[in-house]
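**Q** Fold the following and give me the result.
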Amino acid sequence: MSDINDDAANRKSVLQPVILPSGLAIPNRLVKAAMYEHMASLFGGLPNSDHIALYSLWSKGRWGMLVTGNVQVSGDHLTLGKDMFVPKVVSPQTVQAFKSLSDAMRPSSEHGQNTFAPRTLVIMQLSHAGRQSPIILGGRLPFVPALAPSAIGLGRDEASSARLGWFAKLVYKIGFPIPRAAILQDVDNVVDRFVTGAKLAHDAGFDGIELHASHGYLLAQFISPKSNARIDAYGTQAPLHLLRRVVTAIREDVPRPFTIGVKLNSSDYVGSGSIHNPKVEEEAEARALAHVVEVASWDMIDFIEISGGDYENPQFMTTTRQAFFSRFARKARAAIRVLPPPSSSPPPLVLLTGGMRSPSIFENALSQGHADIIGIGRGSVLIPNLPLLLEATSLRKVEDPDRQDGASVARDFETQEPTLSYSDTPFIRAATYILRTFGILPLPTLIGAGVSMAWYIVMMSRISKGKRLDHQVGGIRAILTMWLPELRVLVALLCCCVSYFLGSTLWPAGAS
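**A** I've put the predicted structure just below:
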């Protein structure tokens, strides 16, 4: 096992295999990272034909590992209303729906194959949105609060509030009411829901799961001082207590080689008012590194994904700087590779996700020890067959060492990426000034991030139907297209209401 994971020449190519502590082999270092698909039925549902078509496309690209978008373990804590989720009662039909998805994620040539050759690993990402689940779309009626470690709402702290205009504050107040602090029974239920999700993944043929403890979701909320003011066993004095309970409970029911990954977030350790304070950032980074080492020391985790941002500061959706978490990932990887006893198994692999937008960045991240495997989200939409393309490029390079095909792949990334910002014109400057004067700007950060997310959601829908990317789609059009089915229903309901009102007014009951 150690030979294939050595730091020498074996790590210099993204196309070479690597072995997880669970014993499962990944055929190459390229991972299709989790991305929210927005393809389930409204208010959540099981995988459907749209999911099958999208992941069947990715399965043909020879990715080392494919990770689903976040599958919510609680049906009343969705994100944008069209999440896949784990039902309260898992029926044979539930298992079959997810099995159809796991089958679609594997290349057809692998089905029924009995070979020792590494195959694409398929992973289900499990999540609980916690306080970042909005009302209505999140699966709850108005005035029904979300669950959180403490009753601390989004955008309510002093530092965040000072940066926001009245419109942004209104969005947070209406869309994300003050959450309900979890009691111990709620915590036990959360653990049970994650275990149920892991069992479902195992029974449906997935190779493992990834626990989403990042981006401000519930597991991350228990870790972060921004959202956790508890003074019991689940307070920030023991920030990993809930996560360890979840991992331990899953391992008791689903042992290895079933794989468990954890997505962690360095940004969750920094309070909202301290984002640009170097000293506080340095202290926060030290705490984050200590937590990564602690998670690795449990001997139950197979890979740790490094990411960052949340709905108040969603760097993971807005940043354009390549490999923006690479420094932290390098420190984390170095720390966990020298774990002292009683660690008995190889250390977890480090998965670096974010800003990986060229083959040279992939190779540098590996060769410089920033990561063991590379996560690619948006790039998997822009170039769904990226690993296959790089494999073909590598073969041509062997035949002709002077070829520069890698540069063409890098250009593909650059030319395919959308331009969603507006030009700096006098009209735009005047409109911005007016909107700021009336307190409409700045918008909540999550709205700006959502524009980019909407574009990729629309493009995922297009490529799943065999269509090309459409760079004529701008930010506003992407949001409208993303919600087009719901907008049509809303318009139809409004027309019915108007017709009923006019009918009642012009032709009162009993009139002849």
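**Q** the helices in the stretch 301-450 of the chain, which residues?
**A** For the stretch 301-450 of the chain, the helices defined by DSSP state H, counting those that start in this stretch cover 315-318, 326-336, 359-367, 378-382, 386-399, 405-416, 426-437, 445-464.
**Q** Any idea which of these has the lowest pLDDT on average?
**A** Confidence, taken as mean pLDDT, is least for helix 315-318 of the helices of the stretch 301-450 of the chain (a mean of 54).
**Q** what's around residue 200, how many residues?
**A** 23 (other Cβ atoms under 10 Å). Yep, even glycine has a C-beta here, placed from its N, CA and C like the rest.
**Q** Could you do residue 183 as well?
**A** 11.
**Q** and it, backbone torsions?
**A** phi -90, psi 170 (degrees, to the nearest 10).
**Q** go on, residue 54?
**A** Torsion angles, degrees, to the nearest 10, at residue 54: phi -70, psi -50.
**Q** Just list the residues touching the closest residue to it other than its chain neighbours, thanks.
**A** Excluding its sequence neighbours, the residue lying closest to residue 54 (Cβ to Cβ, 6 or more residues apart in numbering) is residue 464, at 3.9 Å. When contacts are counted by Cβ atoms under 8 Å, 6 or more residues apart in numbering, residue 464 touches 39, 50, 53-54, 57.
**Q** redo that, cut-off 6 Å
**A** Shown in contact with residue 464 (Cβ atoms under 6 Å, 6 or more residues apart in numbering): 50, 53-54.
**Q** what ranges do the helices span in the stretch 1-150 of the chain?
**A** Using DSSP H, counting those that start in this stretch, the helices of the stretch 1-150 of the chain run over 49-59, 92-105.
**Q** Report the distance from the shortest one to the chain centre.
**A** In this view, helix 49-59 has its centroid 18 Å away from the chain centroid, taken as Cα atoms, centre = their mean, to the nearest Å.
**Q** who does that helix touch, helix- and strand-wise?
**A** The helices and strands touching helix 49-59, judged by 3 or more Cβ pairs under 6 Å, 6 or more residues apart in numbering; DSSP states H and E, are helix 92-105, helix 445-464.
**Q** Flag the shaky bits of the stretch 1-150 of the chain, pLDDT-wise.
**A** Residue ranges of the stretch 1-150 of the chain with pLDDT under 70: 1-12, 109-117.
**Q** Recalculate using a threshold of 90.
**A** 1-13, 107-118, 143 (pLDDT under 90).
**Q** How far does the longest helix seen in the chain sit from its chain's centre?
**A** As assigned by DSSP state H, the longest helix anywhere in the chain is helix 484-506. Relative to its chain's centre, helix 484-506 lies at 37 Å (Cα atoms, centre = their mean).
**Q** what angle sits between that helix and helix 445-464?
**A** Here helix 484-506 runs at an angle of 110 degrees relative to helix 445-464 (axes from the mean of the first three to the mean of the last three Cα atoms, to 10 degrees).
**Q** Output helix 484-506 as PDB, restricted to C-alpha atoms.
**A** The C-alpha atoms that make up helix 484-506 are tabulated as PDB, following Å, rounded to 0.1, in the frame of the first residue of the first chain:
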ATOM      1  CA  LEU A 484     -38.400  28.500 -14.600                       C
ATOM      2  CA  PRO A 485     -40.700  25.500 -13.700                       C
ATOM      3  CA  GLU A 486     -41.600  27.100 -10.400                       C
ATOM      4  CA  LEU A 487     -42.100  30.500 -12.000                       C
ATOM      5  CA  ARG A 488     -44.500  29.000 -14.500                       C
ATOM      6  CA  VAL A 489     -46.500  27.500 -11.600                       C
ATOM      7  CA  LEU A 490     -46.500  30.800  -9.800                       C
ATOM      8  CA  VAL A 491     -47.700  32.700 -12.800                       C
ATOM      9  CA  ALA A 492     -50.500  30.100 -13.400                       C
ATOM     10  CA  LEU A 493     -51.600  30.400  -9.700                       C
ATOM     11  CA  LEU A 494     -51.600  34.200  -9.900                       C
ATOM     12  CA  CYS A 495     -53.600  34.100 -13.100                       C
ATOM     13  CA  CYS A 496     -56.100  31.800 -11.400                       C
ATOM     14  CA  CYS A 497     -56.400  34.100  -8.400                       C
ATOM     15  CA  VAL A 498     -56.800  37.100 -10.600                       C
ATOM     16  CA  SER A 499     -59.500  35.300 -12.700                       C
ATOM     17  CA  TYR A 500     -61.300  34.300  -9.600                       C
ATOM     18  CA  PHE A 501     -61.200  37.800  -8.200                       C
ATOM     19  CA  LEU A 502     -62.400  39.400 -11.400                       C
ATOM     20  CA  GLY A 503     -65.100  36.800 -11.700                       C
ATOM     21  CA  SER A 504     -66.300  37.400  -8.200                       C
ATOM     22  CA  THR A 505     -66.300  41.100  -8.700                       C
ATOM     23  CA  LEU A 506     -67.900  41.300 -12.100                       C
END
